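*Asks:* Got a predicted model here, sequence first, then my questions.
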Amino acid sequence: MSNLDETGRERLQPRPVSRPPVDPAAQRTFGRPSGVDGPFLGADKHRDQGEYAPKDQAPDPVLAEAFGRPYSGVESLQRHPTDAGALEAERDGDTDEPDDPWRNPGAAAGLGTPALGPTGSTVAAAPTGKLGVRDVLFGGRVSYVALAVLGIAALVIGVAGGWVGRTTAEVVEAFTTSKVTLETSDGGGDEPQGQFAKVAAAVADSVVTIEATSKTEGSQGSGVVVDGRGYIVTNNHVISEAATNPSEFKMAVVFNDGTEVPANLVGRDPKTDLAVLKVDNVDNLSVARMGDSEKVRVGEEVIAAGAPLGLRSTVTHGIISALHRPVPLSGDGSDTDTVIDGVQTDASINHGNSGGPLINMNAEVIGINTAGKSLSDSASGLGFAIPVNEVKEVVETLIQ
């Protein structure tokens, strides 16, 4: 062994225990008194403290009786005098079972017999038979007064039930009697009454529904027949996706009577959002009459026709709200990106109305419905249409 560690340096030795000197004032305060060597005083060092000095004396008799052990030969307070000797008698007569090793033999209380003995077996009552009609009427088990009361009650209930049934039958008969007839009005003719109804009937067959579908998706809009040879005007954004992917989409026109005919694209103009389709081999086409958008006035009543939300042959009415309203047009899946000089109306225009006609009270087309604006996705708001004079110029150019 050496004082060098593995690195070759000398190990530090333990430091000596430091015992600093005690301050005299602290020693006088916390030190032992003079003449005292240990923590306890000897018996000869006790001082007499008078009445406060501890003394050995007998306990108070009341406390000794309450908490001390019972005197030998005297019955304890816990056992009733009538039970005196019962515990000892039980112990003397029971020699088979050993004493409880955990029980204090000097305790005043002990385990004895139960206060109440076992109860005797209950005898079940003999079963009685069911009460029959003969027992009730002739057996004397029910008093005649009770039978009379029951009979009167049954009679009253029967009379009341019959009266309620008869009254109910009379009320039902009043509602179902064949004597009631509803008044019907004899119409003056087959034509519907009212200006709006007349205009709607006049243009119904010239308004069509346009469908462009593929294997995975489709679009729907409206159109109007403008030429007896099968030319139909609609919006470019209705068929733009089908026009850019002709191999994937098929276009069809559905007429007012439900007839569906394939349609071919003649031409389209994304800058005016107009397009022309053509159907072949369709006879007796109903052609819409074109009006003059220069004669349109604010406040004039109009009808918007088409297939909003996929509902064919739908018309809504309103008025011309404003003219020459600039409306930007663009949307997903469409190459239309332009601004039209729109005719504003409060007639409801929704998805599916695009391409349908806006018609005045002379049953003339004064515009092609193109866009609608609303604070929510509802059927209310404002609609905008391309003026018919611009439509006529573009359509003639596309057909030629």
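*Replies:* Cool, the structure landed.

*Asks:* Spell out the residue ranges of the helices in this structure.
*Replies:* Along the chain, the stretches classed as helices by DSSP state H are 24-30, 61-67, 86-93, 133-138, 144-176, 195-203, 236-244, 388-399.

*Asks:* Out of those helices, name the one with the poorest average pLDDT.
*Replies:* Lowest mean pLDDT of the helices of the chain: helix 86-93, a mean of 55.

*Asks:* Who are the packing partners of the strand of greatest length in the chain?
*Replies:* Secondary structure of the chain per DSSP state E: the longest strand is strand 314-329. Judged by 3 or more CB pairs under 8 Å, 6 or more residues apart in numbering; DSSP states H and E, the packing partners of strand 314-329 are helix 195-203, strand 301-306, strand 338-345, strand 364-373, strand 382-387. C-beta here means a position set from N, CA and C on the backbone, and glycine is covered the same way.

*Asks:* The same query, at a cut-off of 7 Å, please.
*Replies:* Judged by 3 or more CB pairs under 7 Å, 6 or more residues apart in numbering; DSSP states H and E, strand 314-329 is in contact with strand 301-306, strand 338-345, strand 364-373, strand 382-387.

*Asks:* Work out the gap between it and the centre of the chain.
*Replies:* Put simply, strand 314-329 sits 40 Å off its chain's centre (CA atoms, centre = their mean, to the nearest Å).

*Asks:* Which positions within it qualify as buried?
*Replies:* Buried residues in strand 314-329, counted by 16 or more other CB atoms under 10 Å: 314-318, 320-321, 327, 329.

*Asks:* Distance to Asn389 and pLDDT added to these, as CSV?
*Replies:* Conversion of those to CSV gives the following (distance: CB to CB, whole Å; pLDDT from 0 to 100):
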residue, distance to Asn389, pLDDT
Thr314, 26, 92
Val315, 23, 94
Thr316, 23, 93
His317, 23, 92
Gly318, 21, 94
Ile320, 15, 95
Ser321, 19, 94
Val327, 17, 90
Leu329, 18, 86
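
*Asks:* Of these, which is the nearest to Ser286?
*Replies:* Closest approach between the buried residues of strand 314-329 and Ser286, by CB to CB: Val315, at 15.2 Å.

*Asks:* shouldn't that closest one be in contact with Ile303?
*Replies:* Yes - the pair Val315 and Ile303 passes the contact test of CB atoms under 7 Å, sitting 5.3 Å apart.

*Asks:* okay, now Leu274: neighbour count?
*Replies:* A count of neighbours around Leu274, defined by other CB atoms under 10 Å, yields 26.

*Asks:* what's the answer for Val298, then?
*Replies:* Val298: 11 neighbours (other CB under 10 Å).

*Asks:* Identify the residues contacting it.
*Replies:* By CB atoms under 7 Å, 6 or more residues apart in numbering, the contact list for Val298 reads 320-323.

*Asks:* phi, psi of it?
*Replies:* phi -70, psi 130 (degrees, to the nearest 10).

*Asks:* Could you check how far it is from Ala322?
*Replies:* The spacing between Val298 and Ala322, counted by CB to CB, to the nearest Å, is 6 Å.

*Asks:* can you check Asp227 too?
*Replies:* Using CB to CB, we find Asp227 at a distance of 30 Å from Ala322.

*Asks:* Ok, Ala242 next?
*Replies:* Distance, Ala242 to Ala322, using CB to CB: 33 Å.

*Asks:* and if you look at Ile349?
*Replies:* Taken as CB to CB, the span from Ile349 to Ala322 is 14 Å.

*Asks:* now Met361
*Replies:* Counting by CB to CB, the gap from Met361 to Ala322 is 19 Å.

*Asks:* do Gly291 as well
*Replies:* Distance from Gly291 to Ala322, by CB to CB: 18 Å.

*Asks:* Neighbours of Arg28, how many?
*Replies:* Quick note: Arg28 (other CB under 10 Å) scores 9 neighbours.

*Asks:* Val199: neighbour count?
*Replies:* The number of residues packed near Val199 is 22, by other CB under 10 Å.

*Asks:* List the contacts of the closest residue to it other than its chain neighbours.
*Replies:* Among residues not flanking Val199 along the chain, Ala363 sits closest, at 4.9 Å (CB to CB, 6 or more residues apart in numbering). With contacts taken as CB under 7 Å, 6+ apart, Ala363 has the following neighbours: 199, 202-203, 289.

*Asks:* Where does the prediction get shaky in the stretch 151-300 of the chain?
*Replies:* 171-193 (pLDDT under 70).

*Asks:* Whichever of the contacts of Ala363 end up buried, select them in ChimeraX.
*Replies:* ChimeraX command restricting the contacts of Ala363 to the buried ones, with burial defined by 16+ other CB under 10 Å:
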select :199,202,203
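
*Asks:* Could I get the contacts of Ala363 in a markdown table, plus columns for distance to Asp135?
*Replies:* Converted to a markdown table, the contacts of Ala363 look like this (distance: CB to CB, whole Å):
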| residue | distance to Asp135 |
| --- | --- |
| Val199 | 88 |
| Ala202 | 90 |
| Val203 | 89 |
| Arg289 | 98 |
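
*Asks:* Just flag the most distant two among the contacts of Ala363.
*Replies:* The widest separation within these (CB to CB) is 11.2 Å, between Val199 and Arg289.

*Asks:* What is the burial count for Thr338?
*Replies:* Neighbours of Thr338 under the rule other CB under 10 Å: 14.
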